[in-house]
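Colleague: model this:
(2 chains)
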Protein chains: 2
Amino acid sequence: MANEQWVPDLSTLNEIDRLVHEPARLMLMAVLYVVESADFIFLMNQTGMTWGNLSAHMSKLEEAGYVKVEKTYKGRRPNTILQLTPQGRDAFRTYRKRMLQVLDDLPE
Amino acid sequence: MANEQWVPDLSTLNEIDRLVHEPARLMLMAVLYVVESADFIFLMNQTGMTWGNLSAHMSKLEEAGYVKVEKTYKGRRPNTILQLTPQGRDAFRTYRKRMLQVLDDLPE
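Modeller: Sure, this is the predicted structure:
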């Protein structure tokens, strides 16, 4: 039975940022973490997400202050440029650190 | 802009097991992954979850075939013993491998 065994400290999972944890948003934030900025088409290609799905997740990330959305033009076409804010970058870094801590700590 | 930069392969996140990914269930499965078996009280202590919350998540894991629930007695008191099934153990292992792949692969 468990009561005598070593168990890793998992309390960090209670504080995990669920806004980042959601798989689609985790994917988006990971891409934006690596690149400086990206447009909608690029993110759709990278993640396989639909326009509607991507828009919905981006709105949530923008509301949280994690992503900055800039509407520009590419020639005559509207072009939406996205990038992480410093706050979003911090949130992703903290999330990653916590998850690695939990998952690395476990035995094989 | 992103289009010239290296971006990690994040497609594995599209296949992530959401049953394991949910933070409370991830915590429960991580504890059960480490110990052979555990009772309800032990899991409540380890995770800080309430009885109701723990029951709800355990039911989902049991339905998926990830957790085996055994009702026994400790003296005269009912005692519920929980453990991962081989399928649950595999699911956790796969989840962990995929998440580490994604999170380890990113630059600092």
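Colleague: My read is that A:N79 contacts A:E70, right?
Modeller: No. A:N79 is beyond contact range of A:E70, at 9.1 Å (criterion: CB atoms under 8 Å). Placement of C-beta: from N, CA and C, glycine included.
Colleague: Can you name the residues of chain A that neighbour chain B?
Modeller: Proximity of chain A to chain B, by CB under 8 Å from any CB of the partner chain, involves residues A:1-3, A:5-8, A:10-11, A:13-14, A:16, A:18, A:21, A:23-24, A:26-27, A:30-31, A:33-39, A:42, A:46-48, A:81, A:96, A:99-100, A:102-104, A:106-107.
Colleague: so A:L43 sits right up against A:L54, yeah?
Modeller: Yes. Using CB under 8 Å, A:L43 is in contact with A:L54, at 6.0 Å.
Colleague: show me where pLDDT drops low in chain A?
Modeller: For chain A, the stretches flagged by pLDDT under 70 are A:1-5.
Colleague: show me where it has helices.
Modeller: A:18-21, A:23-34, A:40-47, A:51-63, A:86-104 (DSSP state H).
Colleague: Return the distance of the shortest one from the chain's centre.
Modeller: Yep, that's helix A:18-21 we're talking about. 7 Å (CA atoms, centre = their mean, to the nearest Å).
Colleague: so what secondary structure elements neighbour that helix?
Modeller: Helix A:18-21 is packed against helix A:23-34, helix A:86-104, with contacts defined by 3 or more CB pairs under 8 Å, 6 or more residues apart in numbering or on different chains; DSSP states H and E.
Colleague: Using CSV, lay out these together with distance to B:Y66.
Modeller: CSV is the format used below for the helices and strands packed on helix A:18-21 (distance: least, CB to CB, whole Å):
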stretch, distance to B:Y66
helix A:23-34, 18
helix A:86-104, 17
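Colleague: which one of those helices has the most crowded surroundings?
Modeller: Mean neighbours per residue, mean count of other CB atoms under 10 Å in any protein chain shown, is largest over these for helix A:23-34, with a mean of 22.
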